[in-house]
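S.K.: The amino acid sequence is not available; the structure is as follows:
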């Protein structure tokens, strides 16, 4: 069935009672909400009637009319079950070489090895969206044949991956194209997966983008309607074309499979709406075609550290970093639960970025999470990461090193190979994060939690993308650096 590109009215977005169950709570990012491509496989298995009892429901729909729908960009509250803080007990022997002294590694428990599943690239973590939230991408086209992959192990891998990010606000992107009769999971597995992803996974997911939906998605919704709460339903967005994601995500950071890109092109060719085609071409235009403008002398975001230094009287610490750190170093800010884990209003973030870039006085409006997002965004928008492209390969090999080799490598990378200005900024940032960790009993931000937040903003590959395989060692490196910062950085 060809795409119908004529604009259609948006569906009603308010749920007032259970009698409104016939309404589809999943909004579309475009006006083409009713468009559904042909099925790519026989989904008769899913057409069987499913009975869901109230005993199975983990999230129930409030039929009182008082349970208002949650916006995909709204804030939730942070869960209480955070990871335990790592015990920091370094042992330094007198007279030992400063580059080879012994660190005590607190994480002694070996994790399950998922390399056999990770090699398919089904799941990726790709930085932050425009709201400052981590983005997790799932690609159906990368699912191998059911004969190749044990789906029970796949479920463990999914929970293992999400466990690292569910305690902070995050977004999910699901590329549906490529799910066929050969690689689709069984209905029983889908139901098992839904039950496995309990409230802690659903609470902090702020948006779920279903890209290139088919009738399979609608059938899936019909079956799970009784089990999916209205609040969660509001977080789900249909995305008929890739360019519709641009207002919420950084497309250049997404690891979009080639099959998905080609499928999107075919859909656009069927579309008769000229405006849609033009928007798509502009949104996915190659980076080489982007017109660059000369930055203002006061520019802070999207430029190099050297540029900022030269235009700020030789001051090494960028003004945006210093102002954010000073604001966040206040006791009330340091003790804010979920510091660096929460998103902020995208309009306020852009407004403050423009204010910094113009060199004007900045007002955080007493919003701790806004200042935290600004700091993370500055680090991510640098032309080159703070830890430099040159050190990327060595940092991503950190996990493969023995525990005895890790202390020496970290000190060599930071003290010898990192440029002096980068070192001073990193030291300034880590000393501040040490203050955050000191209040972890209140803010719940341990070294491992901060590593998950800051690791991908300190280190990334030169192509701008960050694979899930690299996330693990980067976070481990960052955690190690934070835990042992008093022994690594020269006072």
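M.R.: Structure's in. What do you need? This one's a predicted model, so the numbers in the text were calculated from it and none came from an experiment.
S.K.: How many neighbouring residues does residue 264 have?
M.R.: The burial count assigned to residue 264 is 21, neighbours taken as other C-beta atoms under 10 Å. For glycine as for every other residue, the C-beta is placed from the backbone atoms N, C-alpha and C.
S.K.: Who are the packing partners of the strand or helix carrying it?
M.R.: Using DSSP states H and E, residue 264 falls within helix 258-270. Judged by 3 or more C-beta pairs under 8 Å, 6 or more residues apart in numbering; DSSP states H and E, helix 258-270 is in contact with helix 274-283.
S.K.: List the buried residues of the following helix or strand past the helix it packs on.
M.R.: The C-terminal neighbour of helix 274-283 among helices and strands, as given by DSSP H and E, is helix 305-310. The neighbour-count criterion (16 or more other C-beta atoms under 10 Å) identifies 305, 307, 308, 309 as the buried residues of helix 305-310.
S.K.: List just the nearest of those residues to residue 357.
M.R.: residue 308 (10.9 Å; C-beta to C-beta).
S.K.: Report pLDDT for the closest residue to that closest one other than its chain neighbours.
M.R.: Nearest residue to residue 308 in three dimensions, chain neighbours excluded: residue 318, at 4.7 Å (C-beta to C-beta, 6 or more residues apart in numbering). Looking at residue 318, its pLDDT stands at 97.
S.K.: wait, what's in contact with residue 318?
M.R.: 300, 305, 308, 309, 312, 378, 425 (C-beta atoms under 8 Å, 6 or more residues apart in numbering).
S.K.: so where's the protein shaky on pLDDT?
M.R.: Counting by pLDDT under 70, the chain has low-confidence residues at 1-111, 221-229, 272-293, 464-467, 491.
S.K.: what's the single longest helix in it?
M.R.: Longest helix in the chain, counting residues (DSSP state H): helix 420-438.
S.K.: Which elements pack onto it?
M.R.: Applying 3+ C-beta pairs under 8 Å, 6+ apart, we find helix 420-438 packed against helix 305-310, helix 319-328, helix 331-334, helix 447-458, helix 468-483, helix 485-488.
S.K.: and the angle for it with helix 468-483?
M.R.: 80 degrees (axes from the mean of the first three to the mean of the last three C-alpha atoms, to 10 degrees).
S.K.: I figured residue 295 was touching residue 303, is that so?
M.R.: Yes - the pair residue 295 / residue 303 is scored as a contact, 5.4 Å apart, by C-beta atoms under 8 Å.
S.K.: All the strands of the stretch 101-250 of the chain, residue numbers only.
M.R.: 123-128, 134-139, 170-175, 205-211, 236-239 (DSSP state E, counting those that start in this stretch).
S.K.: mind putting those in a markdown table, distance to residue 406 and mean neighbour count included?
M.R.: A markdown table is the format used below for the strands of the stretch 101-250 of the chain (distance: least, C-beta to C-beta, whole Å; neighbours: other C-beta atoms under 10 Å):
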| stretch | distance to residue 406 | mean neighbour count |
| --- | --- | --- |
| strand 123-128 | 23 | 22 |
| strand 134-139 | 25 | 23 |
| strand 170-175 | 28 | 23 |
| strand 205-211 | 33 | 23 |
| strand 236-239 | 42 | 22 |
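S.K.: Report how many residues lie close to residue 405.
M.R.: A count of nearby residues for residue 405, using other C-beta under 10 Å, gives 12.
S.K.: out of everything not next to it in sequence, what's closest to residue 159?
M.R.: Distances taken as C-beta to C-beta, 6+ apart place residue 196 nearest to residue 159, at 6.2 Å, with adjacent residues excluded.
S.K.: Touching, the one you found and residue 157? I think so.
M.R.: No - Residue 196 is not in contact with residue 157 according to C-beta under 8 Å; the separation is 11.7 Å.
S.K.: now the buried residues of helix 305-310 in a markdown table, with distance to residue 358?
M.R.: Shown next, in a markdown table, are the buried residues of helix 305-310 (distance: C-beta to C-beta, whole Å):
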| residue | distance to residue 358 |
| --- | --- |
| 305 | 19 |
| 307 | 15 |
| 308 | 14 |
| 309 | 18 |
